[in-house]
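K.L.:
here is the input, now give the coordinates:
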Amino acid sequence: MELEITAFFQWTEAGITPVKKSGLPFSLFSTYPLGIIHIQNGVWGSGPQQNCVPFVPPGDSGKVTTVVATLGQGPERSQEVAYTDIKVIGNGSFGVVYQARLADTRELVAIKKVLQDKRFKNRELQIMRKLDHCNIVRLRYFFYSSGEKKDELYLNLVLEYVPETVYRVARHFTKAKLTIPIIYVKVYMYQLFRSLAYIHSQGVCHRDIKPQNLLVDPDTAVLKLCDFGSAKQLVRGEPNVSYICSRYYRAPELIFGATDYTSSIDVWSAGCVLAELLLGQPIFPGDSGVDQLVEIIKVLGTPTREQIREMNPNYTEFKFPQIKAHPWTKVFKSRTPPEAITLCSSLLEYTPSSRLSPLEACAHNFFDELRCPGTQLPNNRPLPPLFNFSPGGEGLAWDLGS
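P.N.:
Numbers count the residues shown, from 1 in each chain. Predicted coordinates:
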């Protein structure tokens, strides 16, 4: 079978650059040199060191789409992947997310399509390729495709599909004027802390922890952290942007404009998620960056000069209204377990270094019920795997199952 090629893209040290070679015929299954991305008729193509196969863009859910994609984990290896039943399930400033079904296994996958700047490698792809954990959404494959505009290139991340999010689960209970069962709060939060312990041990900070980015299987209660579009490998001494993370979950040092923050910003965000599950609404619902700080001060009180210095030394001379901290027991409903309140207060600390680490959070007595044999989910299913730690996988320092 012969195809007409109208555009090539070449992966070089400088990034992805177009190579004009119009009308070059080649066999469907012939392999082209390392670093070449073949795009057929300006429509869709394949990734580096891959065979070029025709690819039908999403739009007709009944069509079988075939691409040559690179495996998400391990050494770079290409294989033909076919899928069908394509439909849009999400979109935003980042791009579009499709749901599709693999033709061979009938397994559902999510395909995240983002515009690729040809000058740079994609940070999300680089990070996801090195992550392998039961509480992190798995990258199955990735491939490149062209867009409608000339020289427009997209990266497509083929991810395992998980049907629900903590956000939607919590909203379901809130709409029904019910409190989410505390066992779900424990199971979800424990798995979130496991995922954070793992990525932090790899030097990765997620930087956008929120209920919408926590995927859950409603039957098994397995949680998987997703959307690493804001994630970054933090390097001590290298500055980072402070305008990061969704507002309600943004750590105070980010609001103060710190650029030398640590992965403890994820711990603050996780504390906000825990508080939201206990309250049924966001704990710090600020309308703006400044208002966000006001909401935090209403609960934690005015930060001391030392706490401000720990967050951002440049702000120590600023004057803030002196407000006393609101007692944590009055922040939450009377039926809230005291262990949940103490955990929350240990996560939502002004001083970044005073916050619990993710592993310390996993060991908190709020999660003791999960360590009891025979504990089940409300649907009478067993708990998901919670203690299948691999040596060094989460920077494990002690046995959290005892």
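K.L.:
where along this protein do the helices fall?
P.N.:
Assigned by DSSP state H, the helices in the chain fall at 123-130, 166-175, 182-201, 252-255, 264-279, 289-300, 305-311, 328-331, 338-347, 358-362.
K.L.:
other SSEs contacting the last one?
P.N.:
Counting contacts by 3 or more CB pairs under 8 Å, 6 or more residues apart in numbering; DSSP states H and E, helix 358-362 packs against helix 182-201, helix 264-279, helix 338-347. No exception for glycine: its C-beta is placed from N, CA and C like everyone else's.
K.L.:
same question, the third one
P.N.:
For helix 182-201, the packing partners by 3+ CB pairs under 8 Å, 6+ apart come out as strand 214-216, strand 223-225, helix 264-279, helix 358-362.
K.L.:
mind exporting it as CSV, just the C-alpha atoms?
P.N.:
This file holds the C-alpha atoms of helix 182-201, laid out as CSV (Å, rounded to 0.1, in the frame of the first residue of the first chain):
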residue,chain,number,x,y,z
ILE,A,182,-16.3,8.8,56.2
ILE,A,183,-14.9,5.5,55.0
TYR,A,184,-14.7,7.0,51.5
VAL,A,185,-13.0,10.1,52.8
LYS,A,186,-10.4,7.8,54.4
VAL,A,187,-9.9,5.6,51.4
TYR,A,188,-9.7,8.5,48.9
MET,A,189,-7.4,10.6,51.0
TYR,A,190,-5.1,7.7,51.9
GLN,A,191,-4.6,6.9,48.3
LEU,A,192,-4.0,10.6,47.4
PHE,A,193,-1.2,10.7,50.1
ARG,A,194,0.3,7.5,48.7
SER,A,195,0.4,9.0,45.2
LEU,A,196,2.0,12.2,46.6
ALA,A,197,4.5,10.2,48.5
TYR,A,198,5.5,8.5,45.3
ILE,A,199,5.8,11.5,43.0
HIS,A,200,7.6,13.5,45.6
SER,A,201,10.1,10.7,46.0
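K.L.:
for that helix, the distance to its chain's centre please.
P.N.:
13 Å (CA atoms, centre = their mean, to the nearest Å).
K.L.:
what angle do it and helix 338-347 make?
P.N.:
On the basis of axes from the mean of the first three to the mean of the last three CA atoms, to 10 degrees, helix 182-201 is oriented at 30 degrees to helix 338-347.
K.L.:
adding mean pLDDT, mean neighbour count and distance to residue 361, write the helices and strands packed on helix 358-362 out as TSV.
P.N.:
Below are the helices and strands packed on helix 358-362 laid out as TSV (pLDDT from 0 to 100; neighbours: other CB atoms under 10 Å; distance: least, CB to CB, whole Å):
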stretch	mean pLDDT	mean neighbour count	distance to residue 361
helix 182-201	98	24	4
helix 264-279	99	25	7
helix 338-347	98	19	7
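K.L.:
any chance of those in a markdown table, plus distance to residue 214?
P.N.:
Formatted as a markdown table, the helices and strands packed on helix 358-362 follow (distance: least, CB to CB, whole Å):
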| stretch | distance to residue 214 |
| --- | --- |
| helix 182-201 | 6 |
| helix 264-279 | 7 |
| helix 338-347 | 15 |
